[in-house]
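> test case, fold it:
(chains A, B, C and D, ligands or ions: 4)
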Amino acid sequence: DPVKVAAIYTVPVEQQWVSRIDKALKAAQERGEITYTFSENVANTDYERVMREYAEQGMDLVVGEAFAVERAARKVAAEYPETAFLMGSSFGPAQPNFAVFDNWIHEPSYLSGMIAGATTKSNIIGMVGGYAIPEVNRLMNAFMEGATAVNPDVKFLVTFINSWYDPPKAKESAFAMIDKGADILYAERFGVSDAAKEKGILAIGNVIDTSGDYPGTILSSALWHMEPTIDRAIEAVKSDAFEPADYGPFSFMSYGGGSFVVDESLAPAEAVAAAKAKEEEIKGGLFRVNVNDTEPKSTM
Amino acid sequence: MIRFEPRGPVAVSRTIGVSVTAAVAALVLAAIPMLFAGLSVLDAYVLMIKGAWGSMFAFTEMLTRASPLILTGLAAAVAFRAKLWNIGAEGQLYAGALAAVAVGTGLISGPSFVLVPAVIVAGALAGGLVMLVPTLLKTRLGVDEVVTTLLLNFVILLFVQMMLEGPMQDPMGMGWPQSEPILDEAALPKLMDRMRIHWGLVIALAASLGVYFLLKRTVWGFEIRAVGENAAAARHAGIPVTATFIRVGLLSGALAGLAGVGEVAGLKGYLTADLSPGFGYSGIVVAMLAGLSPIGVVFAALFIASIFVGADSMSRATGVSNYLADLIVAISLLSVLVSGLFLRFRIRLAGTRPARESAK
Amino acid sequence: MSDILEIFMSASFWAAAIRIATPLIFGVVGALICERSGVLNLGIEGIFTAGAMAGWMAVWLGAGLWGGVLVAALAGGFFGLIHAVLTVPLGLSQHVSGIGVTLFATSLSYFIYRTALPDVSSPPRIEAFQPLDIPVLSDLPFLGPALFQQTPLTFLALFLVAATAYVLYRTPLGLAIQAVGDNPAAVESQGLSVYGLRMGTVVAGSAIMALGGAFLTMSAFDAFFFGMVNGRGWICIALTVFASWRPGKALLGALLFGAFDAFQVRLQTEVGSFIPGQVFLMMPYLLSIAALIVVARRADYPRALLVPYFRGQR
Amino acid sequence: MALPAKDAPVLLRLDGITKRFGALTANDAVCLDLKQGEILALLGENGAGKTTLMNILFGHYVADEGSVLVSRGDGDLSPLEPGSPHAALEAGVGMVHQHFTLAENLSVLDNILLGTEKLSTLKSRRAPARRKLEDLMTRSGLAVSLDMRVSQLSVGEKQRVEILKALYRNAKVLVLDEPTAVLTPQESDTLFAILKKLADAGLGIIFISHKLAEVMAASHRIAVLRGGAKVADLPTSECDQRQLAELMVGHEVSETVRGTGAPGDTLFILTGVSAGESRESIRDVNLDLRSGEILGIAGVSGNGQTMLARVISGLETPFAGSMRLGERTLTQANARTMIDAGLARIPEDRHRDGIVGAMTVSENLAIEAIRKPDCQRFGLLRFAAMREKARAMIDAYDIRCQGEDSPARLLSGGNIQKIVLARTLETEPKVVLAAQPSRGLDVGATSEVYRRLLAARARGAGVLLISEDLDELMRLSDRIAVIHRGHLSDAEPTETLDRGTLGLRMAGHTMEAAE
Ligand SMILES: Nc1ncnc2c1ncn2[C@@H]1O[C@H](COP(=O)(O)OP(=O)(O)OP(=O)(O)O)[C@@H](O)[C@H]1O
Ligand SMILES: Nc1ncnc2c1ncn2[C@@H]1O[C@H](COP(=O)(O)OP(=O)(O)OP(=O)(O)O)[C@@H](O)[C@H]1O
Ligand SMILES: [Mg+2]
Ligand SMILES: [Mg+2]
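Ligands and ions are numbered 1, 2, ... in the order given. Just a heads-up that it's a prediction; the model follows:
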């Protein structure tokens, strides 16, 4: 029998972050390993009820984000030991059935930072984010660290637009940064790459690969792949071996959960080489990218 | 040409008849998107009823969702009675919640019988004070309160975010913008084991009785009604119009603030910036569905909560996009709104004879 | 400090202000038309969403850009008609009906979008309106980039402001609209239809509002997202009061708001490292309230706003 | 007065009009003809159904039975589409409503133009309209500034605009619902002169009035409604005032006599009071009111009466001067202090300031005393006591209503005024401010108001009577002062004044000469 999987998202499935989970689950469904259903845009106050409803429906695995509902999510999981829960969380796993994951793609973010730092001419990089939450901050900080590592003179402009979904606003923030001299934009939100494309400058992708939509604009991207995480969890549930583990590491580059792409026609060859070399070091465990969850600030 | 004639007092049987008609109309209209989504309508409705009333779990969930709606509904109802158009219950709710966590997370310590009232009072006060600003701007400077209350919602929500990312952030929260958890002694007790339903419901029900009593039986209530129905005449008759507006503003804000207290101290345990899925705005709908009656607010809130929880659960059981739930709520709201007309007016086509009737 | 001054001196700042203002201009003109006839339309937030979704989807299905604009306006008109029927002849509460329409328009848009596109993980894009390149004008120093390198919808918005002002103050129809918002009995006693006028303005106003949404998906951006209207509709309700229900002031208000917002974005990178970001985001709202306080005394309410009219009822 | 020709064609026929509101029959099979060149006066008590009948004629209401027929020029009468003011206007019926139907945010010109042009027209043609109106104004003497916003007009001026609106449309039939209720005697005289001129030119005119003297003077024919039914329809030459009053009320009506008073000490003093900024302001007003007298304030509407009443009512704080009631100095405006100091206030706009329409009769009777111990205890309302008192007042003041729990909005103007009288006079106030107390009231209600004011005077209260009705002032006041452009003249004993002098002073003549 296919494993019954339900996902609970607090945002619409188009949100970059969630879309990666959705994609991995859909792929598993295509392969016939699971049946997949989801609820999107679930309000904070409803989250617990939705978890219980899925558990009551006899789901084998519930995937979701526990970030703002940490306590309730853990309590529900404890009450339904028959169901496996795999939740996005900043905290650790919990017995008997609460496993956690997170988008640990600070490694490729660091690498894309290296490319950006070496490519910028104005030495100003603009970064537009949604909200300053750890999941976002972590990637931005790693990116900034990578850029400064190769180019100590680079300065950053940081703005949060306080919305996951307001591409026009993100675009305006990006334009403002271009006005201030930024020649590379870190596109945490939809809308930023559009501004870069319109003004003929470069953008850095994040989580999803948008280079097809903006040919010639996306310099480099840090991509997140949920397949290693999801596939392991499904396998564990299928073989009755689900453990309340931290699935976070499966987002690391070494497991293929994070990857780094660069448009070599846009970046200096030596920068690409340096980044590729660093990638190998990371995969081989020779280099550790710092995890820094504090809110990044402009440095100009 | 359609004409409306106001009706006099309405018989109970008619009220019930119209409510049933409204419900049927809502169900028929809501069937359209269901068919569009390829559902079997009958099954969907069975699932909806089950989802809201079909089990103790469903029922308590429905009540849990109704609790803040009763309070924000009351907040709108009192204010609208005085024609003080408070569209800011959403912001006041957050202010109440913020005050509740400010007080309830260790600012003071003590046993439950000290902390719980302290949290409640703090939340009510914060909500009231927030509403005081637009009220004073209205009475002193003549600034339209629809707009100020609406805009303050955004300001307060941003302020809450600022607090949650700054001074009030939980140091144990791994950097997430959330407050520290409310102390156990400061939390509103649960009403049932293993269920989310909490004392916020009791507070809400008590508040609705309180507001009913206030409006019906007290001098202040009399003054509120007089100011709302005709401020000029009220002022001429020596009723302190400004003072009445201020009282109403404080009360309305406090009720919305209590909704915030219930959500953090009764339900969530800590504050995040996505605490409320628009309870403040839905409160307006609840209040108007109830015809601004404080008792009616309870039933209107139960209705809205039932439709939402039921439809949401149905969408999950059938695998249809859960946006359907919001759609069904909206359709039901509009149907009930229209059917209310049949209570207040008798509707005739032009040229037809009116029935002789003794009510004037 | 000089950096801050520099912001105001740059053409790109003013271009941004106008871009940000454009959806607000549509919204505030639409809201103003409704309110001038005595009907508050709190459905605006939902109508924006409906316009954004319908316009975008029409283009995506191949209707062409102007076809999309038309579809958006029709969608707005449709929800306006619902609001109009509920509040004008039926005389139901304008607050509730408005919020009901917002819920209905929003959820219906989302539901249709999701049902039509169940499997997209990244929203499909369309070929959006591009900034016009007007000979001579676009090349003017400063004014060119600030004013004349905008998309056609921005010019449509500006045109609508002028057209609304003309209709309102210079035509018999405008007189009737002004009168019906002040004293419906005046209109009826002169043989005009109160219901006809009010329903007409609400439908027309809502159609214009919807263009504000369409601007978001067809000009400012090229795809539809959930929640992308993000409170813009509510801002328009505030701006209408700020504008004392006058089209000229409405344009000014929208531009001021756009300028605050454009400024806020720039200031955030300027001094953002030591002031919390939310402070900047609050600025446009707080400044709107401050502006309201300044204009409040002079505000000239349509006296019949919110008051339903029943023939022959006392 | 020149009667219309016997064989003058009928312009308008009401045929068996019946209109019911719930159980109430407002019009009961009313038939009425109006001939070309005829001025018909429609009489009846408050609530007799006059306005309802005219609203049916104009299409605001649809009759339950019966029809309205109008002449289409060729002498034939054809039915008018029911329920359409537009059709009525098209058929040449013009109407001046009892309550203003003006858009206050528009200019006079635009109000008159409203609805006269096709809505699809791309431009309002104001210039030719202005010419036509200026001509109309010079011919009729109805002068108003065409560019003024209606909100800035006085009540009298608004009334003039209403008449101009109808005249502008070249009406064949002109209906005026209580057109003189707010006009000065001079203005009324002018109006009737105009109406006569219009009638001579072939118009048919129906007007409603409660003032029997002007009805007698200005009409050719009089129709009387009682309880919705037509009870009389006779040529004016065949009736007299007493008979008309009896027809309206259904029984004999007694004349109000003032009798000699016994004025006592000075009670209420205004010294150098100035308030307000607009046209409706008062400047340096001095006034002293003695106990046991009625002091009348005469003036053309819009000369500061409203502001004077607002100041004394505690609704407006004067920026200069002082007010004293007995020993107390009243400075800060506050309705409450005025009430507590023993001042009864009867507002000029009883619907707006007098009652809360949605509240019950008993609540409206208690509203000024709601914080007194007989209405509340510990902040809780004493409903039983309030109701009981209300029933007593309803009896004492003969307030006609469905009971103390019915909403006040359903009452007629006269009965609303009785509510105000009852609740303000019942506390035996020292000073009574009565602003336009009989405006729009019928004979019966008016005489009831007079009786109450005289009773207050008899028990030693000082009554300040602000009125635009000279007959009323002359009949009730012991002394009369005139207000003009915000200035108040010294009060003089009524015996030393006559209508002519007062009329001139109201127009500002003597006073400006004296200054
Ligand atoms: N007719 C009205 N309709 C709606 N709102 C009104 C009306 N009259 C007054 N208000 C509102 O009430 C506010 C308070 O008015 P004001 O201060 O004059 O009251 P007041 O009777 O003097 O009260 P207090 O004696 O307590 O000062 C006004 O600014 C206005 O916003
Ligand atoms: N729309 C309505 N609904 C209910 N009752 C009404 C309505 N209009 C008028 N009435 C009632 O019909 C009766 C006749 O009213 P109408 O206004 O015609 O009297 P009127 O003769 O014009 O009195 P007045 O001299 O006070 O103007 C009154 O009892 C009134 O209360
Ligand atoms: Mg005051
Ligand atoms: Mg009348």
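
> on contacts alone, who are the packing partners of the longest helix seen in chain A?
Assignment by DSSP state H gives helix A:134-150 as the longest helix of chain A. Judged by 3 or more CB pairs under 8 Å, 6 or more residues apart in numbering or on different chains; DSSP states H and E, helix A:134-150 is in contact with helix A:106-119, strand A:124-129, strand A:155-160. Quick note: C-beta positions are derived from backbone N, CA and C, even for glycine.

> quick one: average confidence on that helix?
The pLDDT scores in helix A:134-150 average 93.

> just stretch D:234-242 next, same as before
Per-residue pLDDT values over stretch D:234-242 give a mean of 90.

> do stretch C:36-54 as well
Taken as a whole, stretch C:36-54 has an average pLDDT of 96.

> do the same with stretch A:270-287
Stretch A:270-287 comes out at a mean pLDDT of 91.

> stretch A:113-131 too?
94.

> what about it, near chain B?
Yes - using CB under 8 Å from any CB of the partner chain, stretch A:113-131 comes into contact with chain B via residue A:131.

> check which residues of that stretch are buried.
Going by neighbour count (16 or more other CB atoms under 10 Å in any protein chain shown), the buried part of stretch A:113-131 is A:113-120, A:123-131.

> before we move on, what about stretch D:244-263?
Judged by neighbour count (16+ other CB under 10 Å), stretch D:244-263 contains these buried residues: D:244, D:245, D:247, D:248, D:249, D:253, D:256, D:258, D:261, D:263.

> just the closest of those residues to chain C, please.
Of all these, chain C sits closest to residue D:248, with 22.1 Å by CB to the nearest CB.

> would you list every one of the helices in chain C?
With DSSP H as the criterion, chain C has helices at C:2-9, C:11-36, C:44-60, C:65-87, C:94-116, C:143, C:152-170, C:172-182, C:184-189, C:194-215, C:232-242, C:247-271, C:277-296.

> ok, chain A next?
Counting by DSSP H, chain A has helices at residues A:16-30, A:47-56, A:70-79, A:106-119, A:134-150, A:167-179, A:192-199, A:227-238, A:269-283.

> now these in TSV, with distance to residue D:146?
Output for those, formatted as TSV (distance: least, CB to CB, whole Å):
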stretch	distance to residue D:146
helix A:16-30	64
helix A:47-56	66
helix A:70-79	70
helix A:106-119	70
helix A:134-150	65
helix A:167-179	48
helix A:192-199	55
helix A:227-238	78
helix A:269-283	78
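
> of those, which stretch is the most buried?
helix A:106-119 (a mean of 29; mean count of other CB atoms under 10 Å in any protein chain shown).

> next, the angle from that one to helix A:134-150.
40 degrees (axes from the mean of the first three to the mean of the last three CA atoms, to 10 degrees).

> quick one: residues contacting residue 96.
This is for chain A. The neighbours of residue A:96, taking CB atoms under 8 Å, 6 or more residues apart in numbering or on different chains as the test, are A:78, A:81, A:244.

> I was after chain D.
So residue D:96 contacts D:159, D:162, D:163, D:165, D:166, D:174, D:175, D:176, D:177, D:179 (CB under 8 Å, 6+ apart).

> quick check: closest non-adjacent residue to the second one.
To tie it back to what came earlier, the one meant is residue D:162. In space, and not counting its chain neighbours, residue D:162 is closest to residue D:96: 4.5 Å by CB to CB, 6 or more residues apart in numbering or on different chains.

> over to the fourth one?
The shortest distance from residue D:165 to any residue that is not its chain neighbour, by CB to CB, 6+ apart, is 5.1 Å, and that residue is residue D:112.

> the one you found sits in which helix or strand?
helix D:108-113 (DSSP states H and E).

> name the surrounding residues that touch that helix.
So helix D:108-113 is contacted by C:172, C:175, C:178-179, C:186, D:102-103, D:124, D:126, D:129-130, D:133, D:144-150, D:153, D:161, D:164-165, D:168 (CB under 8 Å, 6+ apart).

> may I see the buried residues of the helix or strand that it is followed by?
For helix D:108-113, the following helix or strand on the C-terminal side (DSSP H and E) is helix D:126-140. Judged by neighbour count using 16+ other CB under 10 Å, the buried positions of helix D:126-140 are D:126, D:129, D:133, D:136, D:137, D:140.

> okay, the angle between the next helix or strand after helix D:126-140 and helix D:126-140?
The C-terminal neighbour of helix D:126-140 among helices and strands, as given by DSSP H and E, is helix D:155-168. Using the same axes, to 10 degrees, the inter-axis angle of helix D:155-168 relative to helix D:126-140 is 110 degrees.

> domains in chain D, by residue range?
Using automatic domain parsing, the domains assigned to chain D come out as D:10-249, D:255-342+D:429-515, D:354-426.

> chain A contacts on chain C?
Near chain A, when you scan chain C using CB under 8 Å from any CB, you find C:10, C:12-13, C:16, C:19-20, C:23, C:119-123, C:125, C:216, C:220-223, C:225-228, C:230, C:261-262, C:265-266, C:268-270, C:272-273, C:277-278, C:281.

> who's in contact with the residue nearest to residue B:289 when sequence neighbours are not counted?
For residue B:289, ignoring the flanking residues on the chain, the nearest one in space by CB to CB, 6+ apart is residue B:300 at 4.0 Å. Going by CB under 8 Å, 6+ apart, residue B:300 touches B:73, B:285, B:286, B:287, B:289, B:290.
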